[in-house]
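Novice: Have a look at this prediction, sequence included:
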Amino acid sequence: MRIVMMTNTYLPHVGGVARSVEGFSRALRALGMKVMVVAPEFPGRPETETDVVRVPAIQRFNGSDFSVRLPVPGLLTEPLDRFQPDLIHAHHPFLLGDTAVRVASGRGLPLVFTHHTLYEEYTHYVSGESEALKRFVTDLSTGYANLCDHVIAPSQSVATLLQQRGVTVPITVIPTGVDLTKFTRRQGRRFRKSSGIPDEAFLAGHIGRLAPEKNLMFLTRAVARFLQERPQAWFVVAGAGPLEDSMKAHFAEAGVRERVRFAGILQGRDLADAYDAMDVFAFASKSETQGMVMAEAMAAGTPVVALDASGVREVVRDGVNGRKLLVEDQDAFSAALAWAADLPKDARRALSREALRTAHGLSSEASAANLASVYHSLVKRKAAWEVPEESLWSNAMRRIGAEWKLFGTIAHAAGTALAGADEPAPSAREAEGWPT
């Protein structure tokens, strides 16, 4: 089977969607499938890539670390003709998501969409905190999902939310799996030594993009308070982004900057070593659809302290493999870190064992097998409905139908957003009745 993955972010971009596409592509190829990735250009990408088609893009759009592809008609025709795909898998509803609809419709192929992101949490990259725009992107992503044959939700929380928002096509919950082999030879002590962190120190840490949607200033304030109360504790941050300077400034103002290490972007063995070096992983984001970094931390045997949110509740079990906090409160978060620091060694080891057990239930092999099953069922159903000989007329009508559906989806989302422009759009947490 030949699969085309269309994504707006891909390696070397560091982010959940890019890592998900890369991980699934690798695992699906191991199952014998052919996978071609269509993605924008990114600075620092490898000079040679196998089965990856890059499209021109605007780099670092609006101060973010994202690339936005530029429309180039006909650019994909030749690569797609050579590859002869059986199915198209879109990983965003915008930009290359539109292209995915056109390609799937024009070629009569099944279309799968993974709803990776709570898009309303990212509108600050375009126009600040516009409620109309939040409503627009929410309705647009819902409408896009209904243009597809099947939707993949990274967690049950997201699947429930999509159904509440009006997604009517079949939804299957398949989390992005963790490549457990990357964590078999981890060496936390090596990372501590290279970072100047004492072996005996209690080390909390965080890995991810340092951006506003990750709720990192809340995390920074809570961690700073924890470090003030625990002079033997340290904190490490791996990643890069627009909030790095603000985080450093707050740690300095709190008088704990000398016990905080900013490690930059880590990959491969260095990433596994960083997870292994931590005694606890700290996570405060409320914009995730799946807590991939939490699963990776647990693959290194590191328990997690996190705020309850989509993607978190499927991974963290309070008091078993970490702490799950129902209320966003800095004192409570700091106290949870202190709780982990004060645990006896036997209790810490028990948390670590449960973290490892959780990670083994989220392996990349199991997730890829579930996704392959969805693919097979869609291709089989499409083959049963396929007309033996297709006319140019029917092909043209399909293409026109795709354009009309895309236009209708955008028009409906825009109308809904403008009609409720003065009303705040409900957040994902409010839509599900989560504590705020």
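Specialist: Thanks, I have it.
Novice: Would you mind splitting the protein into its domains for me?
Specialist: 2-177+364-431, 180-360 (automatic domain parsing).
Novice: With mean neighbour count and mean pLDDT added, can I get those domains in TSV?
Specialist: Just so you know, the C-beta spots here come from the backbone N, C-alpha and C atoms, and that holds for glycine as well. Below are those laid out as TSV (neighbours: other Cβ atoms under 10 Å; pLDDT from 0 to 100):
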stretch	mean neighbour count	mean pLDDT
domain 2-177+364-431	18	79
domain 180-360	20	95
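Novice: What segments of the stretch 201-350 of the chain are helices?
Specialist: Taking DSSP state H, counting those that start in this stretch as the criterion, the stretch 201-350 of the chain carries its helices at 216-229, 244-253, 268-277, 292-299, 330-342, 345-360.
Novice: Nearest to residue 51, out of those?
Specialist: helix 268-277 (21.0 Å; Cβ to Cβ).
Novice: Alpha carbons only: can I get the closest one in CSV?
Specialist: Coordinates of each C-alpha in helix 268-277 appear next as CSV, following Å, rounded to 0.1, in the frame of the first residue of the first chain:
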residue,chain,number,x,y,z
GLY,A,268,18.6,11.2,19.5
ARG,A,269,20.8,10.0,22.3
ASP,A,270,21.1,13.4,23.9
LEU,A,271,17.3,13.6,24.1
ALA,A,272,17.0,10.2,25.7
ASP,A,273,19.8,11.1,28.2
ALA,A,274,18.0,14.3,29.1
TYR,A,275,14.8,12.5,30.0
ASP,A,276,16.8,9.9,31.9
ALA,A,277,18.6,12.6,33.9
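Novice: Number the chain from 5, please
Specialist: Right, with 5 as the first residue, what we last looked at is helix 272-281.
Novice: and it, how far from the chain's centre?
Specialist: Distance of helix 272-281 from the chain centroid (Cα atoms, centre = their mean, to the nearest Å) equals 19 Å.
Novice: what does stretch 255-269 give?
Specialist: That offset, for stretch 255-269, works out to 26 Å (Cα atoms, centre = their mean).
Novice: what do you get for stretch 83-98?
Specialist: 20 Å.
Novice: And that stretch, end to end?
Specialist: Start and end residues of stretch 83-98 are separated by 21 Å (Cα to Cα, to the nearest Å).
Novice: and if you look at stretch 119-138?
Specialist: OK, stretch 119-138 end separation, Cα to Cα: 16 Å.
Novice: now swap in stretch 276-285 and tell me
Specialist: End to end - Cα to Cα - stretch 276-285 spans 13 Å.
Novice: Figure out which of the helices of the stretch 205-354 of the chain is closest to residue 47.
Specialist: Across the helices of the stretch 205-354 of the chain, closest to residue 47 is helix 248-257 (Cβ to Cβ), at 17.7 Å.
Novice: Okay, strands next: where are they in the stretch 105-254 of the chain?
Specialist: 115-118, 154-157, 175-177, 206-211, 237-242 (DSSP state E, counting those that start in this stretch).
Novice: so can I have JSON lines of those showing distance to residue 339?
Specialist: Output for these, formatted as JSON lines (distance: least, Cβ to Cβ, whole Å):
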{"stretch": "strand 115-118", "distance to residue 339": "36"}
{"stretch": "strand 154-157", "distance to residue 339": "33"}
{"stretch": "strand 175-177", "distance to residue 339": "33"}
{"stretch": "strand 206-211", "distance to residue 339": "13"}
{"stretch": "strand 237-242", "distance to residue 339": "13"}
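Novice: Among these, which comes closest to residue 332?
Specialist: strand 206-211 (16.0 Å).
Novice: which outside residues touch that closest one?
Specialist: When contacts are defined by Cβ atoms under 8 Å, 6 or more residues apart in numbering, strand 206-211 is touched by residues 196, 201, 220, 223, 227, 230, 234, 236-243, 270, 275, 278-279, 281-287, 297, 300-301, 309, 341, 344-345.
Novice: try 6 Å
Specialist: 237-243, 281-286, 297, 341, 345 (Cβ atoms under 6 Å, 6 or more residues apart in numbering).
Novice: of all the residues you listed, which two lie farthest apart?
Specialist: Counting by Cβ to Cβ, the most remote pair of the contacts of strand 206-211 is 243 and 345, 22.8 Å apart.
Novice: what packs against the one helix or strand residue 104 maps to?
Specialist: Using DSSP states H and E, residue 104 maps to helix 100-111. For helix 100-111, the elements it packs on are strand 91-94, helix 396-423, judged by 3 or more Cβ pairs under 6 Å, 6 or more residues apart in numbering; DSSP states H and E.
Novice: Kindly recompute the last result at 7 Å.
Specialist: Judged by 3 or more Cβ pairs under 7 Å, 6 or more residues apart in numbering; DSSP states H and E, helix 100-111 is in contact with strand 6-10, strand 91-94, strand 115-118, helix 396-423.
Novice: So which of the helices of the stretch 205-354 of the chain is nearest residue 326?
Specialist: If we rank these by Cβ to Cβ, the stretch that ends up nearest is helix 349-364, at 6.7 Å.
Novice: ok and that closest one relative to strand 206-211, angle-wise?
Specialist: 20 degrees (axes from the mean of the first three to the mean of the last three Cα atoms, to 10 degrees).
Novice: tell me the angle the helix or strand that comes right after helix 349-364 makes with helix 349-364.
Specialist: From helix 349-364 onward toward the C-terminus, using DSSP H and E, the following helix or strand is helix 368-389. Angle, helix 368-389 to helix 349-364, by the same axes, to 10 degrees: 20 degrees.
Novice: who's in contact with residue 320?
Specialist: 298, 308, 310, 326, 328 (Cβ atoms under 7 Å, 6 or more residues apart in numbering).
Novice: and it, backbone torsions?
Specialist: For residue 320, the backbone dihedrals (degrees, to the nearest 10) come out as phi -90, psi 130.
Novice: Report the spatially nearest residue to it, omitting neighbours in sequence.
Specialist: Nearest non-adjacent residue to residue 320, counting by Cβ to Cβ, 6 or more residues apart in numbering: residue 328, 4.5 Å away.
Novice: Show the contacting residues for the one you found.
Specialist: Residue 328 touches 310, 312, 316-317, 320, 322, counting by Cβ under 7 Å, 6+ apart.
Novice: Good, we can wrap up now.
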